[in-house]
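[1] what follows is a predicted structure for the sequence shown.
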Amino acid sequence: MPWIDELAERLSAQIPCGYHPTGPASSEPTALAALALSAAGHGQAAAKALDWLARLQADDGSVGPTAKQRTPGWATGWAVLAALAGKAQERQFDVDRAVAWMLQLKGEGMPRTSDVGHDNSLVGWPWVADTHSWVEPTAISVLALKAAGKSNHPRVREAVFLLTDRLLSGGGCNYGNTIVLGQELRPHVQPSGLAMLALAGEIDADGRIARTLDYLTAELSARTTSVSLSYGLLGLSAHRRAPPSALAWLEAAYRRTVARDAAAYPLALLSLAARDADSPLVTLPASGSAF
């Protein structure tokens, strides 16, 4: 499709890239761009992104947010996925070292208490070391570790329990909590979409995965912002639930993004979402998974 090809050309010209055109080059958008460009057949630009990520990789295997900010290393999972997607190209990024670092990083577990709606004793991944496990870094790590063939590792299995435990009773999830001061929180599209990506192929014991897919289906529309739309559709695609209007919505979001500032971060996500079930964020975890 012409707009998808045009998007890839715009993305190729921004490597390494940031969240905004005037911001510093950052690991997350650069890794997402590498994933999108690998899938689009732009191997040279993807390799350039991977080389940049490899130069950022620390001795312990982690990847910090930017070249100047080497910690925290929550973006390491994105870099692992980008490296695995670009495996046919020459790359220096050490996936094994990155995976080993990810497996030793843990969120801080606490005893379960009756005043909190979720199980605090479950351990996933934090944004910052020695803090609470949150939905998004846990989902990113699960995706990367599944893609790296670690689906049955105890850390991944516990993280899957954590993600399902953080889903709200009516579907969807917040960023990490479920109930605060007796009030169930409202779901948000981005963490819900990411959680659905990570939970693809998992058993839906109590129906909350199905209700989350229903929530995303009802919540997404032509008016949804580019990043949220992309994550929401990716979550649906991982469960073969993308709506018929998905490509039209994505094209409209692309036009809005270009008119605003053509930032690489939303462009990469829009490109990945446009591939539906063939997106590497869907296929890589499935190909490395035992399920």
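    Sure, I can see it.
[2] in the stretch 151-291 of the chain, which spans are helices?
    Taking DSSP state H, counting those that start in this stretch as the criterion, the stretch 151-291 of the chain carries its helices at 154-165, 189-198, 208-219, 226-237, 246-260, 264-274, 280-288.
[3] what do you get for the stretch 1-150 of the chain?
    2-12, 27-39, 43-56, 76-85, 95-104, 135-147.
[4] of the helices of the stretch 151-291 of the chain, which is nearest residue 133?
    Judged by Cβ to Cβ, the one of those that comes nearest to residue 133 is helix 154-165, at 6.1 Å. Quick note: C-beta positions are derived from backbone N, CA and C, even for glycine.
[5] give me the residues contacting that closest one.
    Taking Cβ atoms under 8 Å, 6 or more residues apart in numbering as the criterion, the residues outside helix 154-165 that touch it are 103, 106, 118-119, 122-125, 133, 135, 138-139, 141-142, 145-146, 150, 173, 195, 198-199, 202, 205-206, 208-209.
[6] among the helices of the stretch 1-150 of the chain, which comes closest to residue 253?
    Checking the helices of the stretch 1-150 of the chain against residue 253 by Cβ to Cβ gives helix 2-12 as the closest, at 10.5 Å.
[7] how far out from the middle of the chain is the closest one?
    Relative to its chain's centre, helix 2-12 lies at 21 Å (Cα atoms, centre = their mean, to the nearest Å).
[8] returning to that earlier point: output the helices of the stretch 151-291 of the chain in JSON lines; the columns should cover distance to residue 3 and mean pLDDT.
    Compiled in JSON lines, the helices of the stretch 151-291 of the chain are given as follows (distance: least, Cβ to Cβ, whole Å; pLDDT from 0 to 100):
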{"stretch": "helix 154-165", "distance to residue 3": "33", "mean pLDDT": "98"}
{"stretch": "helix 189-198", "distance to residue 3": "22", "mean pLDDT": "98"}
{"stretch": "helix 208-219", "distance to residue 3": "23", "mean pLDDT": "98"}
{"stretch": "helix 226-237", "distance to residue 3": "13", "mean pLDDT": "98"}
{"stretch": "helix 246-260", "distance to residue 3": "5", "mean pLDDT": "98"}
{"stretch": "helix 264-274", "distance to residue 3": "9", "mean pLDDT": "98"}
{"stretch": "helix 280-288", "distance to residue 3": "20", "mean pLDDT": "95"}
